[in-house]
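Peer 1: next comes the sequence, and after it the predicted model I'd like to discuss.
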Amino acid sequence: MRVFAHRGASAYAPQNTLPSFKKALELKASGIELDVQLSSDGVPVVIHDFFLDRTSDASGFIHSLTWQEIRKADAGLWFGPEFKGTPVPSLEEVLALIPRDVTLNLEIKSISSLEEPVARIVSDLLNQEKERDLIVSSFNHPILKEYQSLDPDVKIGILTGSDFIGFPAYVEASGLRPFSIHPQATYLSAETIREYHERGWQVLTYTVNSLEQAGMVQNLGADGIFSDYPDLLTR
């Protein structure tokens, strides 16, 4: 079973920062997951929350701030004094750090009402790296469909946070062609995983931070987990 470093090695370093991704590489993560959204001036930035407040010393709505304004925030001090001065990285900086043979799961964070060109901007950047092993995921399924139309060969990962009744029928009606389904671990069952596998979809589940839970989802048949501990199965 594969272990994806959730927002990097986020148990050991501030999430979605270069130190977190470096630690994930050091721990030999089989894949790295990160979140990306746009600044007000269209720069893809790597941060999970729509606001700076929880994971930095600054505040404000990401989509209303310029890249330079976001860059001034300290995204490391909240985690520990040794990370003081760590900035929010751009997607371009992260791509330069992570080797292309390490699977990258890029989760697009987007608010539909803003009608941002996030799929186009991110796909334009990643189209320069065709040889990268990439999965593009999102809870915003229309964004995934738009990305798929821009890059028909992309591996699509459909995120879902609930026990979605009739989910396979929904996916097939949506026009999405998923490589993988990313359900919350607490909603997994052997029957559901078997149904997804029959359609050729991998099952990558989040967020698994204990050996006990990892063993449970592995026994159910999951193909991989997202964990804050990239070394969960080896430490």
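Peer 2: Nice, thanks for sending it over. Numbering: from 1, shown residues only.

Peer 1: contacts, neighbours, all on C-alpha from now
Peer 2: OK.

Peer 1: quick check, pLDDT for the residue located most distally from the centre of the chain.
Peer 2: For the chain, the largest distance from the centre (CA atoms, centre = their mean) belongs to Pro81, which lies 26.0 Å off. As predicted, Pro81 sits at a pLDDT of 98.

Peer 1: give me the phi and psi angles of it.
Peer 2: For Pro81, the backbone dihedrals (degrees, to the nearest 10) come out as phi -60, psi -30.

Peer 1: now the one 3 residues further on
Peer 2: Backbone torsions of Lys84, given as degrees, to the nearest 10, read phi -60, psi 130.

Peer 1: distance of the residue nearest to it when sequence neighbours are not counted from Asn16?
Peer 2: Using CA to CA, 6 or more residues apart in numbering and skipping residues adjacent in sequence, the residue nearest Lys84 is Leu77, 4.3 Å away. Distance of Leu77 to Asn16, computed by CA to CA, to the nearest Å: 14 Å.

Peer 1: ok, back up a step: which residues touch the residue nearest to Lys84?
Peer 2: Contacts of Leu77 were listed using CA atoms under 8 Å, 6 or more residues apart in numbering, and they are 56-57, 83-86.

Peer 1: so the closest residue in space to Pro19 that isn't next to it in sequence: helix, strand or coil?
Peer 2: Distances taken as CA to CA, 6+ apart place Ala13 nearest to Pro19, at 6.2 Å, with adjacent residues excluded. Look at Ala13: counting by DSSP: H, G, I helix; E, B strand; the rest coil, its state is coil.

Peer 1: next, work out how far apart Ala13 and Pro81 are.
Peer 2: Ala13 is 11 Å from Pro81, where distance means CA to CA.

Peer 1: and what of Asn209?
Peer 2: From Asn209 over to Pro81 the distance is 24 Å, taken as CA to CA.

Peer 1: show me the contacts for Ser180.
Peer 2: Shown here is Ser180, whose contacts under the criterion CA under 8 Å, 6+ apart are 155-158, 201-204.

Peer 1: return the set of residues that bridge with it.
Peer 2: Gly157, Gln202 (DSSP bridges).

Peer 1: and the pLDDT for Ile165?
Peer 2: At Ile165, the pLDDT value in this model is 78.

Peer 1: next, count neighbours for it.
Peer 2: Look at Ile165: counted by other CA atoms under 10 Å, it has 8 neighbours.

Peer 1: before we move on, what about Val171?
Peer 2: 15.

Peer 1: next: the one 3 residues further on.
Peer 2: The burial count assigned to Ser174 is 12, neighbours taken as other CA under 10 Å.

Peer 1: next one: it from Glu26, what distance?
Peer 2: The separation that Ser174 has from Glu26, given CA to CA, amounts to 39 Å.

Peer 1: check contacts around Ala73.
Peer 2: With contacts taken as CA under 8 Å, 6+ apart, Ala73 has the following neighbours: 56-58, 87-88.

Peer 1: pull out the buried members of those residues.
Peer 2: Buried by 16 or more other CA atoms under 10 Å: 56, 87-88, out of those.

Peer 1: as JSON lines, those with pLDDT, distance to Thr66 and secondary structure would be great.
Peer 2: JSON lines is the format used below for the buried ones among the contacts of Ala73 (pLDDT from 0 to 100; distance: CA to CA, whole Å; DSSP: H, G, I helix; E, B strand; the rest coil):
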{"residue": "Ser56", "pLDDT": "98", "distance to Thr66": "16", "secondary structure": "coil"}
{"residue": "Pro87", "pLDDT": "98", "distance to Thr66": "14", "secondary structure": "coil"}
{"residue": "Val88", "pLDDT": "98", "distance to Thr66": "12", "secondary structure": "coil"}
